[in-house]
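# Give me a 3D structure for the following:
(one chain, ligands or ions: 1)
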Amino acid sequence: MGVVIIIGAQWGDEGKGKVVDLLAESADVVVRYAGGPNAGHTLVIGDDKLVFRLVPSGVLHDHTVCILGQGMVLSAKVLGEEIDALTGRGIDLNSRLHVSEHAHLIMPYHVMVDELREASTKGTTIGTTKRGIGPCYEDKIGRRGVRCADLRNLIAARARVIEAIANWTPTFRELGGEPPEVEAIIAQLEQHAARLTPLLADATALVDELRRAGKSVMLEGAQGTLLDIDHGTYPFVTSSSATAGGACTGAGIGPSKIDRVIGISKAYTTRVGGGPMPTELDDAAGAQLRDQGGEYGSVTGRPRRCGWLDLALLRYAARINGLDGLAITKLDVLSGLEEIKVCVGHQTPSGSSDSSPVGQLANAKPIYESHPGWQEDITGCRKLDELPTAARNYLSFIEQQLDVPLYLVSVGPRRDETIVLRDAFA
Ligand code: IMP
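Reported below is the predicted structural model:
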């Protein structure tokens, strides 16, 4: 099996880090294709918890080549810190971490604008991660972005920075802030250039070369389908293409070379930031999911909004991404509930629908089916038939409703707390 895309099927935070880390055992190459250090993916290795914001989760396997693709936006500072943290733990990145020359750099003014906007009462605040992601993609689309390749030519980079700061100056003034000095920004770029230039690569050529050499390639998504700029709950979305189509663009692989797309979903739903979420629970059940699931942002610490699984939205994700397989995470978090509800469709002003119109979610009321819960601790289960009957029935219901086969089920945060049903690379 050649190329597998792993994407978040909900609003991000589906547990992609653990799944990618696990599947990376069979992958030779892991490519991140979109987003930036918006949020972190948490990996639990033994008793250690590691949070990565930029480097692909596969980095912990010393055979894996890790590539940051051109659909990404990178903070040179965060990347430098992650490289330091990994090398400090004895993880050798030498010649196996590559950064696309065409990835864009998040500049300090992007972070400043993101923070000022979120603090402002003017315009729509959407609860961003305040990492400068949106403003950086705005500069990319506005053709005044600074790309990693510009680190090789700081004279050209200076011109870009001058243009971008001039463009952002009215925004700064309107939001009550001051734009930064060009020279200070260039001085920082000089420092980053020394560090990052050796990692730069023609990433699409590298991926193609490795794929042609028979290496298995995993394209690791960030955020999730419902945060996708085109297919998510606009305007409460991130600024990149988090879906399977974005994987082709962000990694530079043609669609005909993709062999499988696997979506990851929690056994329930979470969301951070603003925007509609039909199955959100404001009651004790929601609080229980948050506490049992540790549903707080891995980098921002923000409490996540929690609710029942929404199959209408997952059907949409299955369609948009062309899902071939599903990984269900955090099934163990549901243990101890008497009753588990599942949203099978939405009632909207224009009627009921079982595959949700994302544009109408603000007025959508979930149509629930109720399932019996289970009381047993399931973290020790390694096979489907070791699960309580109610948990097995819950999984079969999801599989049958979506008509997408289950590839794995995660029953705890550790790597080994997983029921593997199918081989993603077989
Ligand atoms: P931004 O990506 O920081 O611009 O934030 C845009 C929206 O996407 C906000 O609602 C964020 O909370 C959400 N978001 C961005 N990254 C993640 C993620 O990795 N997990 C969950 N939500 C995210």
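# low-confidence ranges in the chain?
Scanning the chain for pLDDT under 70 picks out the ranges 1, 43-46, 356.
# what about residue 49, which SS state?
Secondary structure for residue 49, judged by DSSP: H, G, I helix; E, B strand; the rest coil, is strand.
# ok, now which ones touch residue 325?
With contact set as CB atoms under 8 Å, 6 or more residues apart in numbering, residue 325 has these partners: 260, 261, 262, 263, 404, 405, 406, 407, 422, 424. Every C-beta, even on glycine, is put in place using the N, C-alpha and C of the backbone.
# which residue does this structure bring closest to the ligand?
Nearest residue of the chain to the ligand: residue 273, at 2.2 Å (CB to the nearest ligand atom).
# how deep is that residue tucked in, by neighbour count?
21 (other CB atoms under 10 Å).
# coming back round to it: cross the contacts of residue 325 against strands and list the overlap.
260, 261, 262, 263, 406, 407 (DSSP state E).
# Keep the residues you listed, but drop any that are not near the ligand.
Counting by CB under 6 Å from any ligand atom, nothing from the ones in strands among the contacts of residue 325 sits close to the ligand.
# got a winner among these for most neighbours?
residue 263 (31 neighbours).
# Residue 32: neighbour count?
31.
# let me fix that: residue 235
Neighbours around residue 235, by other CB under 10 Å: 10.
# quick one, what contacts it?
Neighbours of residue 235 in contact, by CB under 8 Å, 6+ apart: 124, 126.
# what does residue 138 give?
residue 239.
# can you check residue 339 too?
370, 371, 372, 373.
# any idea which helix is longest in this structure?
If you go by DSSP state H, the chain has its longest helix at helix 154-174.
# ok, now how distant is the residue most central in space within the chain from residue 200?
Most central in the chain under CA atoms, centre = their mean is residue 222, positioned 2.1 Å from the mean C-alpha point. For residue 222, the distance to residue 200 equals 21 Å [CB to CB, to the nearest Å].
# sorry, back to before: mind checking which of the contacts of residue 339 land in strands?
370, 371, 372.
# who touches stretch 284-302?
For stretch 284-302, with CB under 8 Å, 6+ apart as the criterion, the contacting residues are 13, 37, 39-42, 51, 53, 129-130, 266, 268, 270, 272, 280-281, 303-307, 330, 333, 336-337.
# Kindly report the same for stretch 90-101.
Against stretch 90-101 from outside (CB under 8 Å, 6+ apart): 55, 59-60, 62, 64-70, 72, 74, 79, 83, 86-87, 147-149, 196, 199-204, 206.
# Excluding covalently adjacent residues, which one is nearest to residue 157?
residue 150 (4.0 Å; CB to CB, 6 or more residues apart in numbering).
# That neighbour: neighbour count?
Here the count is done by other CB under 10 Å, and residue 150 has 21 residues near it.
# which residues touch it?
105, 156, 157, 160.
# The first one reaches residue 140, doesn't it?
Read that as residue 105. No: contact criterion CB atoms under 8 Å: residue 105 and residue 140 do not qualify, at 10.0 Å.
# Now the common contact residues for these two.
Common neighbours of residue 105 and residue 140 (CB under 8 Å, 6+ apart) are residue 73.
# Those two: which has the busier surroundings?
residue 105 (26 against 19).
# which residues sit in contact with the more buried one?
By CB under 8 Å, 6+ apart, the neighbours of residue 105 are 73-76, 136, 145-148, 150-151, 189, 192.
# phi, psi of it?
phi -100, psi 130 (degrees, to the nearest 10).
# so how far is residue 205 from it?
21 Å.
# residue boundaries of the helices in the stretch 1-150 of the chain?
16-23, 76-88, 108-119, 133-141 (DSSP state H, counting those that start in this stretch).
# now for the first one, which elements pack on it?
Translated: helix 16-23. Other helices and strands packing on helix 16-23, by 3 or more CB pairs under 8 Å, 6 or more residues apart in numbering; DSSP states H and E, are strand 3-8, strand 41-45, strand 217-220, strand 325-329, strand 406-410, strand 418-420.
# What's the first helix or strand after the longest strand along the chain?
Assignment by DSSP E gives strand 339-348 as the longest strand of the chain. Sequence order places strand 351-353 as the next helix or strand after strand 339-348, per DSSP states H and E.
# What is that next one packed up against?
Secondary elements touching strand 351-353 (3+ CB pairs under 8 Å, 6+ apart): strand 339-348.
# Need the nearest residue in space to residue 322, chain neighbours excluded.
residue 261 (5.5 Å).
# my guess is the one you found contacts residue 320, does it?
No: taking CB under 8 Å as the definition, residue 261 is not a contact partner of residue 320, at 10.3 Å.
# overlap in contacts of these two?
residue 244.
# I'd say residue 397 and residue 372 touch.
No: contact between residue 397 and residue 372 fails when scored by CB under 8 Å: they sit 11.4 Å apart.
# Compare neighbour counts for those two and give me the winner.
A side-by-side neighbour count of residue 397 and residue 372, using other CB under 10 Å, places residue 397 first with 17 against 14.
# From residue 328, how far off is the more buried one?
Counting by CB to CB, the gap from residue 397 to residue 328 is 11 Å.
# again, but for residue 230
26 Å.
# Domain map for the chain?
Following automatic domain parsing, the chain resolves into domains at 3-101+199-260, 104-196, 265-420.
# Is the shortest one positioned near the ligand?
Yes: on the criterion CB under 6 Å from any ligand atom, domain 104-196 is in touch with the ligand at 126, 127, 128, 129, 131, 133, 134.
# list the contacts for the residue lying closest to the second one once chain neighbours are set aside?
Nearest in space to residue 127, with sequence neighbours left out and distances taken as CB to CB, 6+ apart, is residue 273 at 3.1 Å. Residue 273 makes contacts with 126, 127, 128, 129, 236, as judged by CB under 8 Å, 6+ apart.
# Residue 135 now?
By CB under 8 Å, 6+ apart, the contact set of residue 135 is 109, 110, 111, 113, 114, 168.
# among those residues, who's most crowded?
That'd be residue 110 among the contacts of residue 135, by other CB under 10 Å, with 27 neighbours.
# Is it correct that it is in contact with residue 136?
Yes: using CB under 8 Å, residue 110 is in contact with residue 136, at 4.4 Å.
# For residue 380, which three-state class applies?
coil.
# What count of nearby residues applies to it?
Neighbours of residue 380 (other CB under 10 Å): 11.
# show me what contacts it?
Neighbour list for residue 380: residue 386 [criterion: CB under 8 Å, 6+ apart].
# if I look at it, how far off is residue 368?
30 Å.
# So which of the contacts of stretch 284-302 are in strands?
Going by DSSP E, the strands hold 41, 42, 51, 266, 270, 305, 306, 307 from those.
# biggest separation within the residues you listed, which pair?
Within these, 51 and 307 form the most distant pair, 24.4 Å apart (CB to CB).
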